[in-house]
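Visitor: sharing a model prediction with you, sequence too.
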Amino acid sequence: MKQTLKLSLAISILALILTGCDSNSAQDKELIKSLEAKIQTLEKQLEQVEPEQLTTAAGNVDASALEDKIASLEKQLSSNKTTTEQSGGTLDKVKKQGYVQCGVSTGLPGFSNPNANGEWEGLDVEFCQAVAAATIGDKTKVKYIPLTTKERFTALQSGEVDLLVRNTTWTLHRDTALGVIFAGVNYYDGQGFMVKKNLGISSATELDGKSVCVQSGTTTELNLADYFRFREMKYTPVVFDTEDKTVNGFKTGQCDVMTTDQSALYAHRLGMDDPDSVIVLPELISKEPLGPAVRQGDDQWFNIVKWTLYTMLHAEDLGVSSISVDDMKNSNDPNIRRLIGLDGPKGKGLGLNDDWSFQVIKQVGNYSESFERTVGMSSPLKVRRDVNALWRDGGIQYAPPIR
Ligand SMILES: N[C@@H](CCC(=O)N[C@@H](CS)C(=O)NCC(=O)O)C(=O)O
């Protein structure tokens, strides 16, 4: 019942926000009427939501399911508005405002994290920059908007961000029910566990009865429950709503184990007072393909984001880097000529300048350059390419042809 109350409250707040909008025109009044009707329908639907749908196996309120439900209700409520707003398209909006609003994490080393000078760095940050280079011709034209797990999808749906690049896992539910859509995978991850060495544990199968620090509103929380339930193992979740609190919970001994995407565990291990006192266990318990997401219903923007990633992958494949790309203007290789927009489809189909992909490579680099600089061997994280290598090097990164 607690959940139902929360959902009702969310709907009422949304109704208030929407009816509080500028309501002078007949069109707005009509919109409000239709939204009021929608609210009534949603309230009816809400009465039919089974409490089990919003609770974990342990019978606790499932914050993630609750947030997703609210986000999906918000999506339904805003569908009329979104269609109108998006008729101009995100690309036009971005060009007018002069920067890309990029939703990032509140701070995750390797992916999106402000450095000592307050400048955002990381693989996700560089992808935001690549989209700015493609669309505005200047990789610095990005406004970074730090988002918690709870805020991220709503921020994208509402237009607060144009793009979400926040170590976010692509799932069926997120791709369909939340009004957002994933444009690719910029890092194949998996969920892991980190423990203090003095626990004497070397495998996830030995975690029965342990307490586990986990962040709410994540796939992590759901996978954790599945993993233990399926193996008939017990655990005590110690749940926090931000990264800092979760890591601090582990550091201060509020739990035996910390779980999240394995890449993040490597980063957090380095942040421990004594990194050698903790180990990341070998098992990966889930697939966490992390990638950029956009709003549903704007195919042009979706394609821009998708092909920006593919351009970085192709550039690596063809050996074109930020350093060599200028010289490549003299290349006779038809693949390279199409890659940098000298021949082939160029920018027209995406609504961009013909040098859009050249700018991505020149200003940000190919995928390998970005990976090594942020999470790879030239970074403190020292993550190997493994599954994130190109297909021809034994990984699964693969981009469709530019022609
Ligand atoms: N990939 C998972 C987990 C993403 C996630 O939010 N992980 C936490 C722990 S690494 C995080 O990024 N926290 C940073 C923050 O809260 O800003 C998901 O999409 O649900």
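Guide: Received it, and whenever you're ready, just let me know what you need. Numbers count the residues shown, from 1 in each chain.
Visitor: which residues in this structure form strands?
Guide: 100-104, 113-114, 120-121, 142-146, 163-164, 180-182, 187-189, 191-196, 210-215, 235-240, 257-261, 278-280, 288-290, 293-295 (DSSP state E).
Visitor: so is the first one next to the ligand?
Guide: No: in terms of Cβ under 6 Å from any ligand atom, no part of strand 100-104 sits within range of the ligand; the closest distance is 8.1 Å. In this view, the C-beta of every residue, glycine as well, is placed from N, C-alpha and C.
Visitor: likewise for the fourth one?
Guide: No: if you take Cβ under 6 Å from any ligand atom as the test, strand 142-146 misses the ligand, and the best it gets is 6.6 Å.
Visitor: thinking again about what came up before, adding mean neighbour count, distance to Lys362 and mean pLDDT, write the strands of the chain out as TSV.
Guide: As requested, the strands of the chain are exported to TSV (neighbours: other Cβ atoms under 10 Å; distance: least, Cβ to Cβ, whole Å; pLDDT from 0 to 100):
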stretch	mean neighbour count	distance to Lys362	mean pLDDT
strand 100-104	26	17	98
strand 113-114	18	24	97
strand 120-121	19	19	98
strand 142-146	19	16	98
strand 163-164	28	20	98
strand 180-182	21	27	98
strand 187-189	21	23	98
strand 191-196	23	36	98
strand 210-215	22	37	98
strand 235-240	18	41	98
strand 257-261	27	31	98
strand 278-280	17	36	96
strand 288-290	22	25	98
strand 293-295	25	24	98
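Visitor: dump those strands to CSV, plus distance to Asn330.
Guide: Listed next are the strands of the chain as CSV, based on distance: least, Cβ to Cβ, whole Å:
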stretch, distance to Asn330
strand 100-104, 31
strand 113-114, 38
strand 120-121, 33
strand 142-146, 31
strand 163-164, 33
strand 180-182, 37
strand 187-189, 33
strand 191-196, 46
strand 210-215, 50
strand 235-240, 54
strand 257-261, 42
strand 278-280, 46
strand 288-290, 37
strand 293-295, 35
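Visitor: got the contact list for the closest residue to Asn303 other than its chain neighbours?
Guide: Computed as Cβ to Cβ, 6 or more residues apart in numbering, the closest residue to Asn303 that is not its neighbour in sequence is Leu350, at 5.7 Å. When contacts are counted by Cβ atoms under 8 Å, 6 or more residues apart in numbering, Leu350 is found next to 300, 303-304, 307, 356.
Visitor: any idea how far Leu350 lies from the ligand?
Guide: 27 Å (Cβ to the nearest ligand atom, to the nearest Å).
Visitor: before we move on, what about Ser368?
Guide: 23 Å.
Visitor: nearest residue to Asp317 other than its sequence neighbours?
Guide: What sits nearest to Asp317 in space, not counting adjacent residues and going by Cβ to Cβ, 6+ apart, is Leu390, at 5.8 Å.
Visitor: ditto for Gly209
Guide: Lys234 (5.3 Å).
Visitor: wait, the residue nearest to Asp317 sits on Asn366?
Guide: No: taking contacts as Cβ atoms under 8 Å, Leu390 lies outside contact range of Asn366: 10.2 Å.
Visitor: of the two, who's got more company?
Guide: Asn366 (24 against 18; other Cβ atoms under 10 Å).
Visitor: that one touches Glu316, doesn't it?
Guide: Yes: with contact defined as Cβ under 8 Å, Asn366 reaches Glu316; the gap is 4.1 Å.
Visitor: number of residues surrounding Asn330?
Guide: Count around Asn330 with other Cβ under 10 Å applied: 9.
Visitor: quick one, what contacts Glu160?
Guide: By Cβ under 8 Å, 6+ apart, the neighbours of Glu160 are 101, 103, 145, 154.
Visitor: so what's the third one up against?
Guide: In other words, Ile145. Ile145 makes contacts with 101-104, 155, 160-161, as judged by Cβ under 8 Å, 6+ apart.
Visitor: need the helices for the stretch 251-400 of the chain, in chain order.
Guide: 262-270, 299-317, 334-339, 356-363, 367-374 (DSSP state H, counting those that start in this stretch).
Visitor: near Asn353, how many other residues are there?
Guide: Residues near Asn353, counting by other Cβ under 10 Å: 17.
Visitor: that one touches Ile136, doesn't it?
Guide: No: the pair Asn353 / Ile136 is not scored as a contact, 9.9 Å apart, by Cβ under 8 Å.
Visitor: name the residue closest to the centre of this protein, please.
Guide: Thr168 (2.8 Å; Cα atoms, centre = their mean).
Visitor: ok, it - contacts?
Guide: Here Thr168 is in contact with 152, 174, 290-291, 293 (Cβ under 8 Å, 6+ apart).
Visitor: looking at the residues you listed, which is nearest the ligand?
Guide: Leu290 (5.8 Å; Cβ to the nearest ligand atom).
Visitor: list the contacts for the closest one?
Guide: Contacts of Leu290 by Cβ under 8 Å, 6+ apart are 111, 167-170, 185-189, 261.
Visitor: from those residues, pick the one nearest Met328.
Guide: Asn186 (23.1 Å; Cβ to Cβ).
Visitor: count the residues that sit near that closest one.
Guide: If you count neighbours by other Cβ under 10 Å, Asn186 ends up with 26.
Visitor: list the buried residues in stretch 337-349.
Guide: Buried residues in stretch 337-349, defined by neighbour count with 16 or more other Cβ atoms under 10 Å: 337-342, 346-347.
Visitor: any idea of the mean pLDDT for it?
Guide: Stretch 337-349 comes out with an average pLDDT of 98.
Visitor: ends of it, what's the gap?
Guide: 17 Å (Cα to Cα, to the nearest Å).
Visitor: ok, and what's touching that stretch?
Guide: 303, 311, 314-315, 318, 320, 325, 328-329, 331, 334, 353-358, 361, 402-403.
Visitor: which parts of the stretch 251-400 of the chain sit against the ligand?
Guide: Contacts of the stretch 251-400 of the chain with the ligand, taken as Cβ under 6 Å from any ligand atom, map to 260-261, 264, 288, 290.
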